[in-house]
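Enquirer: let me see the structure of the following:
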Amino acid sequence: IAKGETLLIPIAAINRDKTIWGDDAHEFRPERWETVPEEANRIPGVWGNVLTFLGGPRACIGYRFSLVETKALLFTLLRAFEFDLAVPATDIIKKSAIVQRPVLVTDGRNQMPLIIRPISRT
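Expert: Prediction:
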């Protein structure tokens with residue numbers, strides 16, 4: 001790599017690489033971290049054998065805060081509400097720019113239409 005050359009690290013591609021994670025690499029399966037594939041141990045990320053927060057001296061300095069904040073938010077929301085899609089799942093695609101976000105196919109806008117109901121505790 002020459003000085004001044006731009007280097008692209010395909011983070012999403014590595015995090016979903018079938019040669020590392022298996023044929024179901026594109027599926028959300030939290031149980032896959034119970035037994036991490038041997039190939040994943042070669043990923044130099046700072047958390048969870050993924051490159052989401054990069055690694056080494058250029059790793060995200062706020063990754064721990066991000067994880068704690070995300071866990072706290074999910075814990076709070078999932079205890080209080082039920083979530084259902086307001087449109088068929090096939091009407092939603094992902095768009096990658098700086099971050100990934102859901103896009104409604106019918107109008108191309110960034111959105112995730114949800115029906116949110118409080119959980120009744122009786």
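Enquirer: can you give me the strands for the protein?
Expert: Secondary structure of the chain, counting by DSSP state E: strands at 81-85, 92-96, 100-104, 114-118.
Enquirer: can you give me how far stretch 95-106 is from the chain middle?
Expert: Per CA atoms, centre = their mean, to the nearest Å, the displacement of stretch 95-106 from the mean C-alpha position of its chain is 13 Å.
Enquirer: next one: stretch 37-50
Expert: Using CA atoms, centre = their mean, the offset of stretch 37-50 from its chain centre is 15 Å.
Enquirer: can you give me the buried ones in that stretch?
Expert: Across stretch 37-50, burial judged by 16 or more other CB atoms under 10 Å covers Ala40, Ile43, Gly45, Val46, Trp47, Asn49, Val50. In this view, the C-beta of every residue, glycine as well, is placed from N, C-alpha and C.
Enquirer: only alpha carbons, please: show that stretch as CSV.
Expert: Below are the C-alpha coordinates for stretch 37-50, written out as CSV (Å, rounded to 0.1, in the frame of the first residue of the first chain):
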residue,chain,number,x,y,z
PRO,A,37,-16.1,-20.7,14.1
GLU,A,38,-12.3,-21.1,14.0
GLU,A,39,-12.0,-18.8,11.0
ALA,A,40,-13.7,-15.9,12.9
ASN,A,41,-10.9,-15.9,15.5
ARG,A,42,-8.7,-14.4,12.8
ILE,A,43,-10.8,-11.2,12.5
PRO,A,44,-8.9,-8.5,14.3
GLY,A,45,-12.0,-6.7,15.7
VAL,A,46,-12.2,-5.4,19.3
TRP,A,47,-15.5,-7.1,20.0
GLY,A,48,-17.4,-10.3,19.2
ASN,A,49,-15.2,-11.5,16.3
VAL,A,50,-16.6,-8.9,14.0
